[in-house]
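Undergrad: this one's structure only:
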């Protein structure tokens, strides 16, 4: 009898433990498999095919070329592996010097992703491995850069497509990207602008936002020459300003200039060359303003310059850009003090406008203004499909090609029956797919999809129609309860049931031997 009790306790203790271990090994992706130096990849357990086999891939987007200290970056991780049932990823980062900090990862969607406690690894969770669209599964994660920019950082990623039949038949992909630590000496000054005046040239330049700070007082060196060729010589050093007026020049003669930044770490690279010939040109326009206008336009207005100089035929040239040092011409020969820009290249950004008065003598001194352009609503989702299945209609679509300058936050699905008006069917969808399980047989349904961002709901997509498929007469009535269960789990369940049967038989034998029977 004692042996029977021991056997029963063993059955009750070991079997749940075996199930838990097998289930955990399948569902919980272990850390330390991102392919960084000194560690392996998922191919150690899923090695049917060679690494990066076929046309699949894992990709990380959103990393800067050069990172800034203590800055939050949103990264988009994508795994493509066509024909699979599950998709997963793991991502980590390493410094060129192992003693330097690397920052940390954090989850934006805690259901679909998970990170280690120290933030060194981030990966898909067991709930975030499905719902791919056309073989591609995407996740969004956050990476906060370290507070000290001491080393170049390399990101290592691994992605896997699982066929749902155990560790065989899976495909594993890797990627590697390096972001540079910002330079310690000053950046190259950007957008050096040389503007003519009467016997003088006014220089203006900018330092990019990536310019390092905390390296001592920064000053600028201005180089010049009055020769058409050859090198430049030092003209002046200025501190705390990005403008300089070079006076006492000869009108009509051309001068060349370059500028560099200097801190205690040294002198940075020279700016691009700027050339200008002083002349009595127009002064800058007065009272330049920019306002958001109707239909997503920007309306500029100004007053004419105080003087047009010695030239005739005064007109205006308008330039636009997302930075004052990188601008392109959007209008020329404007003959009135105002302009409406109705063809904006992007939204939800700050745009800069420069207005230059021009005459027969040349370009005058420009005026600069900036304006924050708000986001617009996204355009319609594209490639909407409706596929009839038994008991449901499967909808899928692709994100809108233009998100209005703000990321799409959710989708809405509308349904029309018998030529009626569209009715809201599903709201707050975050994936580009939805299953309609409320439809009726023999009815034809039309579906449209909209996208919504912070500015509101966008336009409706093109309509697609579908009719619920009738159930097949020869549909299998049994065995479907195992559909979708991973093969390792099925095997584990069968093994546990076999062990249980053997142990129950053993208990029966012991009971018979002792003259008793199990009830």
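TA: Good, I have the coordinates. Please read all numbers here as calculations on a predicted model, not as lab measurements.
Undergrad: Please list all residues in contact with residue 431.
TA: 131, 133, 411 (C-beta atoms under 8 Å, 6 or more residues apart in numbering). From N, CA and C alone the C-beta is placed, and that goes for glycine too.
Undergrad: Could you pull out the buried residues of whichever strand or helix holds residue 59?
TA: If you go by DSSP states H and E, residue 59 is part of strand 57-61. Residues 57-60 are the ones in strand 57-61 that count as buried (16 or more other C-beta atoms under 10 Å).
Undergrad: Tell me the secondary structure of the nearest residue to residue 85 once chain neighbours are set aside, please.
TA: The spatial neighbour of residue 85 that comes closest, neighbours along the chain excluded (C-beta to C-beta, 6 or more residues apart in numbering), is residue 164 at 3.7 Å. What DSSP: H, G, I helix; E, B strand; the rest coil gives for residue 164 is coil.
Undergrad: Go ahead and confirm residue 164 touches residue 86.
TA: Yes. With contact defined as C-beta atoms under 8 Å, residue 164 counts as touching residue 86 (6.3 Å).
Undergrad: Compare those two and say which is more crowded by neighbours.
TA: Set residue 164 next to residue 86 and count neighbours by other C-beta atoms under 10 Å: residue 86 wins out with 19 against 13.
Undergrad: what bridges to that one?
TA: For residue 86, the residues forming beta bridges with it (DSSP bridges) are residue 162.
Undergrad: My guess is it contacts residue 128. True?
TA: No. Using C-beta under 8 Å as the test, residue 86 is too far from residue 128 to be in contact (9.8 Å).
Undergrad: which parts of the strand or helix carrying residue 415 are buried?
TA: Assigning secondary structure by DSSP H and E places residue 415 in strand 410-417. For strand 410-417, a neighbour-count test (16+ other C-beta under 10 Å) marks 411-416 as buried.
Undergrad: so can I have a markdown table of these showing pLDDT?
TA: Below are the buried residues of strand 410-417 laid out as a markdown table (pLDDT from 0 to 100):
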| residue | pLDDT |
| --- | --- |
| 411 | 96 |
| 412 | 96 |
| 413 | 97 |
| 414 | 97 |
| 415 | 95 |
| 416 | 93 |
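Undergrad: burial of residue 40, as a residue count?
TA: Neighbour tally, residue 40, other C-beta under 10 Å: 13.
Undergrad: In stretch 104-120, which residues are buried?
TA: In stretch 104-120, counting by 16+ other C-beta under 10 Å, buried: 104-105, 107, 112-115, 119-120.
Undergrad: just stretch 46-62 next, same as before
TA: 46, 52, 56-60.
Undergrad: Equivalent analysis for stretch 445-456, please.
TA: Within stretch 445-456, judged by 16+ other C-beta under 10 Å, the buried ones are 445-453, 455.
Undergrad: go on, stretch 321-340?
TA: For stretch 321-340, by 16+ other C-beta under 10 Å, it's 321, 324-325, 327, 330, 334, 337, 339.
Undergrad: For the stretch 351-500 of the chain, which segments count as strands?
TA: 367-373, 382-389, 392-398, 410-417, 423-429, 433-436, 444-453, 456-457, 464-467 (DSSP state E, counting those that start in this stretch).
Undergrad: List the contacts of the third one.
TA: When contacts are taken as C-beta under 8 Å, 6+ apart, the neighbours of strand 392-398 outside the stretch itself are 133-134, 381-388, 411, 413, 432-437, 439, 445, 447, 449, 461, 466, 468.
Undergrad: got it, and the fourth one?
TA: Applying C-beta under 8 Å, 6+ apart, the set of residues contacting strand 410-417 from outside is 381, 395, 397, 422-432, 434, 436, 443-452, 457, 460, 463.
Undergrad: List the strands paired with the strand holding residue 415, with their directions.
TA: Counting by DSSP bridges, strand 410-417 is paired with strand 423-429 (antiparallel), strand 444-453 (antiparallel).
Undergrad: Mind giving me the packing neighbours of the helix or strand residue 223 falls within?
TA: Counting by DSSP H and E, the element that carries residue 223 is strand 219-225. If you count contacts as 3 or more C-beta pairs under 8 Å, 6 or more residues apart in numbering; DSSP states H and E, strand 219-225 packs onto strand 233-239, strand 243-247, strand 255-263.
Undergrad: Mind doing that once more with 10 Å?
TA: Packing partners of strand 219-225 (3 or more C-beta pairs under 10 Å, 6 or more residues apart in numbering; DSSP states H and E): strand 200-206, strand 233-239, strand 243-247, strand 255-263.
Undergrad: follow-up on the earlier one: what separates the residue nearest to residue 85 from residue 170, distance-wise?
TA: 9 Å (C-beta to C-beta, to the nearest Å).
Undergrad: next one: residue 97
TA: Residue 97 is 35 Å from residue 170, where distance means C-beta to C-beta.
Undergrad: quick revisit: show me the two of the buried residues of strand 57-61 that sit farthest apart.
TA: 57 and 60 (10.6 Å; C-beta to C-beta).
Undergrad: give the contact list for residue 38.
TA: Residue 38 is in contact with 32, 94, counting by C-beta atoms under 10 Å, 6 or more residues apart in numbering.
Undergrad: Wait, a helix at it?
TA: No. According to three-state DSSP, residue 38 belongs to no helix; its state is coil.
Undergrad: From what I see, residue 226 and residue 248 are in contact.
TA: No. Using C-beta atoms under 10 Å as the test, residue 226 is too far from residue 248 to be in contact (11.6 Å).
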